[in-house]
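Visitor: Build me a structure from this.
(2 chains)
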Amino acid sequence: MNITRHVKEGFIGVLRHSAMSVSAATAVMITLVLMSLFLLLTLNLSQITKNVEESVQIHVKIVDGTSMETIDAMKAEIALIPGVKLVTFSDKNAELDRFIAAFGEDGKIFEMYRGEDNPLRDAYLVDVVKNAPLDIIAAKIKLLDAIEGVNYGGDNTLRLVSLMESIQNGGLILVSILWLLAIFLISNTIKITIYSRSEEIHIMRTLGATNHFIRFPFLIEGILIGLMGSILPILLTIFGYQYLYNALGGVLVSNLFILRPIYPMVFQVSGILAGLAVLVGLTGSFISVTRHLRWNR
Amino acid sequence: MLKFKEVSKTYKNGVNALYNINLLIEQGEFVYIIGPTGSGKSTLIKLLDAEEKATKGSVEVAGVDLAKLKPRKIPLYRRSIGVVFQDFRLLEHKTIFENVLFALEITNTPVLKARQRVREVLSLVDLADKANDFPSSLSGGQQQRTAIARAIANRPKVLVCDEPTGNLDPAKSADIIRLLEKINREEGTTILMVTHDISMVNSFRKRTIALQDGHIMADLHDGGYIE
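Guide: The predicted structure is shown next:
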């Protein structure tokens, strides 16, 4: 078998059927651009959801003046509640640190409350397992002794988490639908491309070319067309995301929504796009050529 | 070389194309097959080309029994015969040179030897100066000569021509016949030419087999006009 010949034929095929090649590559391109957008979106959404979920924490304020023994005993009790992953004790001082940190630069003015005047309470920081029923756990903690208050961001946090999840699921469904559309669009285009060349395939067969001999250059063409179609989407992914990331300062609206870092994600997405392009080109041309290679004697 | 033994062909739709054909063509012969439309000429070609299988009887070409030919082996068989069609069947996106080269690439001919052979057959059909042109820029006669060059590139023992002059004017047709005669003479190729060009059959006399309604009506070894 002469691979060099077939590869060369593939390249020549793309060049000599330039109009068809371009139209097929355009179909691949459009789909990959959409694919890239949705990949970037879902990847970021899953990251953001993870961040939000991880930041979900129940804040339990302890009545002032509770003894260390009671505090330890209650910590053990809270840890026994189903769904609780970790209980951390945070004294007044640590609470003030957290408070100040939350205000960033402006937080410095609260330094004056350090020490005796600290109005804050000792607290437990309760981490829960994923999807744990925050409201029920909070209610159970509230029933314990020496608890001044329980705060978990309330229904808003819950709503945010579930919203994130549905957006993400919606994204997945959209990507799946898009992918089906893409396969349809691309296989159709390739079908037309090959159909326009069925005459050529027929002649080759008349001359005694084996199916393999006919098919190989077409497969190379398919790969090349796929790769041609992936160039623009890949550039768009790398530079577009870079631009967007820098323009937004790496976050979406607030610090809670941290975008995924540019690298290595853009390269991973580009790799996926190139891989898909090759796969689609290859299977598309394989299916279409094979259609014309059946023996019906 | 070419042996039809009690060959009948009935198509799936019930059309009977050939009845009980017995025919023997020797190595090096030049034979016309004539007959009106629907006489079974095309079916005869399709049987030789292994595009169709005989319903009854056996077709043997250069020692190959076509009835027993497995689909997988068809390409191999086709390389051993040359076929020329009325509509040329050139690869539109390949140059004249590449069209002829393709036949040799199929048979895995070493590159240098293949290119050498392409130049050889192109000068035989007098198209050496058109090597880098595309088929669409050539006249019908030139395209048919390209198709003939491609068909003989692998030095087949048999050259089957299906109305090779059907699309050409009389002067060009005569050129093609002369070319086929030259190939028959110089390369010793057996030539089977299907035609309905009676004037051609009369001016270049060869063994002539007349088909009508799927039967052989006459087999004239001296050739000549059939009414």
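
Visitor: what residue lies at the spatial centre of chain B?
Guide: Nearest residue to the geometric centre of chain B (Cα atoms, centre = their mean): B:Val160, 1.8 Å.

Visitor: Next, report how far the helix or strand containing A:Gly284 is displaced from the centre of its chain.
Guide: Using DSSP states H and E, A:Gly284 falls within helix A:265-291. With Cα atoms, centre = their mean, to the nearest Å as the basis, helix A:265-291 stands 20 Å off its chain's centre.

Visitor: Show me what residue of the stretch 1-150 of chain A gets nearest to chain B.
Guide: A:Arg16 (4.3 Å; Cβ to the nearest Cβ). In this view, the C-beta of every residue, glycine as well, is placed from N, C-alpha and C.

Visitor: pLDDT value on residue 142, please?
Guide: You didn't pick a chain, so chain A it is. A:Lys142 carries a pLDDT value of 84.

Visitor: if you could check chain B rather than the one you did, that'd help
Guide: 95.

Visitor: Would you tell me whether the helix or strand hosting it gets close to chain A?
Guide: Per DSSP H and E: B:Gln142 is located in helix B:140-152. Yes - Helix B:140-152 is in contact with chain A by Cβ under 8 Å from any Cβ of the partner chain, via B:Arg150.

Visitor: So which residues make contact with that helix?
Guide: Residues from elsewhere that reach helix B:140-152, judged by Cβ atoms under 8 Å, 6 or more residues apart in numbering or on different chains: A:207, B:82-85, B:88-90, B:96, B:99-100, B:102-103, B:118, B:121-122, B:124-127, B:130, B:135, B:138, B:159, B:161, B:164-165, B:167-168, B:172, B:175-176, B:179-180, B:183, B:187, B:189.

Visitor: what's the closest non-adjacent residue to B:Gly35?
Guide: Distances taken as Cβ to Cβ, 6 or more residues apart in numbering or on different chains put B:Leu211 closest to B:Gly35, at 3.5 Å, once the chain neighbours are dropped.

Visitor: For the one you found, give its distance to B:Val194.
Guide: 9 Å (Cβ to Cβ, to the nearest Å).

Visitor: shared neighbours of those two, which are they?
Guide: B:Ile33, B:Ile34, B:Lys41, B:Leu44.

Visitor: between those residues, which has the most around it?
Guide: B:Leu44 (28 neighbours; other Cβ atoms under 10 Å in any protein chain shown).

Visitor: for chain A, what are the low-confidence residue spans?
Guide: Residues of chain A meeting the criterion pLDDT under 70: A:1, A:104-105, A:154-158, A:186-187, A:190-191, A:194, A:253-256, A:295-297.

Visitor: residues touching A:Ile203, list them.
Guide: Contacts of A:Ile203 by Cβ under 8 Å, 6+ apart are B:Arg89, B:Leu90, B:Leu91.

Visitor: Ramachandran angles for it?
Guide: The phi/psi pair for A:Ile203 (degrees, to the nearest 10) reads phi -60, psi -40.

Visitor: Can you tell me the element B:Leu44 falls in?
Guide: According to DSSP H and E, B:Leu44 maps onto helix B:41-48.

Visitor: Okay, buried residues for the lowest-mean-pLDDT helix or strand in chain B please.
Guide: Within chain B, no helix or strand scores below helix B:198-203, which has a mean of 88 by mean pLDDT, DSSP states H and E. Under the neighbour-count criterion of 16 or more other Cβ atoms under 10 Å in any protein chain shown, helix B:198-203 has B:Met200, B:Val201 buried.

Visitor: tell me what the helix holding B:Leu44 is packed against?
Guide: If contacts are counted by 3 or more Cβ pairs under 8 Å, 6 or more residues apart in numbering or on different chains; DSSP states H and E, helix B:41-48 sits against strand B:2-10, strand B:16-25, strand B:30-34, strand B:56-61, strand B:81-84, strand B:158-162, strand B:190-195.

Visitor: okay if I get these as CSV plus mean pLDDT?
Guide: Shown next, in CSV, are those (pLDDT from 0 to 100):
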stretch, mean pLDDT
strand B:2-10, 93
strand B:16-25, 91
strand B:30-34, 94
strand B:56-61, 93
strand B:81-84, 93
strand B:158-162, 94
strand B:190-195, 94
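
Visitor: just checking, B:Phe97 is part of a helix?
Guide: Yes - counting by DSSP: H, G, I helix; E, B strand; the rest coil, B:Phe97 is located in a helix.

Visitor: what's the closest non-adjacent residue to the residue of chain B found nearest chain A?
Guide: Of all residues in chain B, B:Arg78 sits closest to chain A, at 3.3 Å by Cβ to the nearest Cβ. With Cβ to Cβ, 6+ apart as the measure, A:Gly208 is the residue that lies nearest to B:Arg78, at 3.3 Å, once sequence neighbours are left out.

Visitor: Where does that neighbour sit, in terms of helix or strand?
Guide: Using DSSP H and E, no helix or strand contains A:Gly208.

Visitor: show me the contacts for it.
Guide: Neighbour list for A:Gly208: B:Ile74, B:Pro75, B:Leu76, B:Tyr77, B:Arg78, B:Arg79, B:Ser80, B:Ala103, B:Ile106, B:Thr107 [criterion: Cβ under 8 Å, 6+ apart].

Visitor: care to break chain A down by domain?
Guide: A:2-52+A:159-295, A:57-152 (automatic domain parsing).

Visitor: Can you tell me which of those domains is most buried?
Guide: Sort the domains of chain A by mean neighbour count, taking mean count of other Cβ atoms under 10 Å in any protein chain shown, and domain A:2-52+A:159-295 sits at the top with a mean of 18.
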